[in-house]
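Trainee: sequence and predicted model, in that order:
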Amino acid sequence: MSKKYFGTDGIRGQVGEYPITPEFVMKLGWAVGKVLGKRPQDRIVIGKDTRISGYMFESALEAGIAAAGMNVQLLGPMPTPGIAYLTRTFRAAAGIVISASHNSYLDNGIKFFSAEGTKLDDDIENQIEAYLDKDMTTVPADKLGKAKRVSTAAGRYIEFCKATIPATFSLDGLKIVIDCANGAAYSVGPKVFRELGAEVQPVFNNPDGLNINESCGATDVTALAKIVKANKADLGIALDGDADRLIMVDHNGEVVDGDELLYIIAKGAHDSGRLEGGVVGTLMSNLGLEKALQSHGIEFLRAKVGDRYVMELLKENDWNFGGESSGHLICLDKNTTGDGIIAALQVLAVMVCENKTLAELKSGMSKYPQTMINVKVSKRQDPMQNETVVNAVKETEAVLKDTGRVLLRASGTEPLIRVMIEGEDANLVQKLTEQLADVVRDTL
């Protein structure tokens, strides 16, 4: 059953444009309350990031849920993974996140967690959509839901994060710069690392409702790299607006991306005997990650692009570690969803245990040169259904042999074909990518 509103991660769009309007969001809250009101739990928790429209949508959801007869617990600004955790610990029927993640303040979105802190099943999303097509009704006044703010939410999540590493673990002697993206982790993020003993310099931690992700955070670490070097810090931590994404910077100001961080976490777990099974990346994960893991006897599988698909493959194989180059890192032995703060703690634990710098740890993985060209096409289509393109791909793979790989992927939102090649020789990779892109452009 195709969905009218839900995408791969909730409902997202530009504020004020349907469906990201207060009227729709109030009805969405009501629909969720009607579907989940059939369960024993009588409450839904709501958290948000720092964008200005969060106030409006928080109130709209509260009204809709109350009209359906369910209670609301308001968490305030809170990282998305923190909302997943608090949904579980409060035994709520569901958790709602008001956030557009790494997007600017102009956008917002509503995404959901089940009572178990995982994404909602398709069946539940379909039931919610069915209610959205019905007229909204209100339960009798004596059955209306109530709302209350949870003053302990931040402290609970901070302690949860700290508990994901051994009690004997300390960050004493480390100087850390943390870029909070003017987002949901602006308060809890620095506190976690400071309470573990680090000297912490928070930056981009003054949200005003409009500056979330603006030239900062995991999507733009240019400023963070300069600050780390200027202050002679040991490393920098960059979160995105809702803190489910992590990019780091070493003491040299060099970026350590999601692939490299996943390698460090997985190898650390492997060396300490904690790694059960293998690691899941995506079609876009660098070939260097796959080769580095395999050199240590660690199995590696690729999922479709998107943390939802990484999660599916992890659960299918009963593995714990997976992620994307963009910094969505999942440690299922720690939390039920990707968590930037917890992932950073796992990297720091490896640093402390092995007494190595971040630069030394990432040196165990050599990234392959990678080039990607986006080719505009007349309509959205699968490029591998065209015989000319398929033959061109085979010819390219023959040139690369086992020293590289070719990936053609249709954009999920635009009429674009992403032509990506990676291999050992950067010049060859650039040349082959341009040639293959020309074939795609001329053919499609």
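Mentor: All right, it came through fine. Numbering: from 1, shown residues only.
Trainee: ignoring the adjacent residues along the chain, who's closest to Thr371?
Mentor: In space, and not counting its chain neighbours, Thr371 is closest to Thr433: 4.2 Å by CB to CB, 6 or more residues apart in numbering. In this view, the C-beta of every residue, glycine as well, is placed from N, C-alpha and C.
Trainee: let me see the contact set for that neighbour.
Mentor: Thr371, Met372, Ile373, Val419, Met420, Ile421 (CB atoms under 8 Å, 6 or more residues apart in numbering).
Trainee: now render these as JSON lines, adding secondary structure and distance to Gly258.
Mentor: Putting the contacts of Thr433 into JSON lines (DSSP: H, G, I helix; E, B strand; the rest coil; distance: CB to CB, whole Å) gives the following:
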{"residue": "Thr371", "secondary structure": "strand", "distance to Gly258": "19"}
{"residue": "Met372", "secondary structure": "strand", "distance to Gly258": "16"}
{"residue": "Ile373", "secondary structure": "strand", "distance to Gly258": "22"}
{"residue": "Val419", "secondary structure": "strand", "distance to Gly258": "21"}
{"residue": "Met420", "secondary structure": "strand", "distance to Gly258": "16"}
{"residue": "Ile421", "secondary structure": "strand", "distance to Gly258": "20"}
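Trainee: got a ChimeraX select line for the buried ones in those residues?
Mentor: In ChimeraX syntax, the buried subset of those is picked out as below (16 or more other CB atoms under 10 Å):
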select :371,373,419,420,421
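Trainee: of the contacts of Thr433, closest to Val406?
Mentor: Nearest to Val406, judged by CB to CB, of the contacts of Thr433 is Ile421 at 5.2 Å.
Trainee: leaving out sequence neighbours, find the closest residue to that closest one.
Mentor: Once flanking residues are discounted, Ile421 sits nearest to Thr433: 4.5 Å by CB to CB, 6+ apart.
Trainee: is that neighbour located within a strand, as I assumed?
Mentor: No: using DSSP: H, G, I helix; E, B strand; the rest coil, the secondary structure at Thr433 is helix, not a strand.
Trainee: so what's the residue count around Pro40?
Mentor: Each residue near Pro40 was counted by other CB atoms under 10 Å, and the total is 7.
Trainee: tell me the secondary structure at it.
Mentor: Three-state call for Pro40 (three-state DSSP): coil.
Trainee: separation between it and Ile264?
Mentor: 42 Å (CB to CB, to the nearest Å).
Trainee: over to Ala84?
Mentor: 23 Å.
Trainee: again with Ile96
Mentor: 33 Å.
Trainee: those two - which one has more neighbours?
Mentor: It is Ile96, of Ile96 and Ile264, that has more neighbours when counted by other CB under 10 Å, with 29 against 25.
Trainee: so where's the chain uncertain?
Mentor: Within the chain, the ranges that satisfy pLDDT under 70 run 1, 413.
Trainee: and it, split by domain according to the record?
Mentor: Per automatic domain parsing, the domain ranges recorded for the chain read 11-151, 157-362, 370-443.
Trainee: who wins for proximity to Lys4 among the ones you listed?
Mentor: With CB to CB, the closest approach to Lys4 among these belongs to domain 11-151: 5.6 Å.
Trainee: can you give me the end-to-end span of that closest one?
Mentor: Terminal residues of domain 11-151 lie 28 Å apart, using CA to CA, to the nearest Å.
Trainee: also stretch 404-418?
Mentor: Length of stretch 404-418, first residue to last, CA to CA: 17 Å.
Trainee: in it, what's buried?
Mentor: By neighbour count on 16+ other CB under 10 Å, the buried set for stretch 404-418 is Gly404, Arg405, Val406, Leu408, Arg409, Ala410, Leu416, Ile417, Arg418.
Trainee: report the two of those residues separated the most.
Mentor: Using CB to CB, the two most remote members of the buried residues of stretch 404-418 are Gly404 and Leu416, lying 22.2 Å apart.
Trainee: what's the burial count for Thr80?
Mentor: Count around Thr80 with other CB under 10 Å applied: 30.
Trainee: what does the helix or strand harbouring Gly155 rub up against?
Mentor: Counting by DSSP states H and E, the element that carries Gly155 is helix 153-162. The contact list for helix 153-162 (CB under 8 Å, 6+ apart) reads 47, 75-76, 78-79, 82, 85-86, 89, 187-188, 191-192, 195-196, 339, 341-342, 345.
Trainee: give me the buried subset of these.
Mentor: Here, 16+ other CB under 10 Å leaves 47, 75-76, 78-79, 82, 85-86, 187-188, 191-192, 196, 339, 341-342, 345 buried among the contacts of helix 153-162.
Trainee: which of those fall in helices?
Mentor: Of those, the ones assigned to helices by DSSP state H are Gly82, Tyr85, Leu86, Val188, Lys191, Val192, Ile341, Ile342, Leu345.
Trainee: tell me the one of the residues you listed nearest Trp319?
Mentor: Ile342 (16.8 Å).
Trainee: I appreciate the help and will end here.
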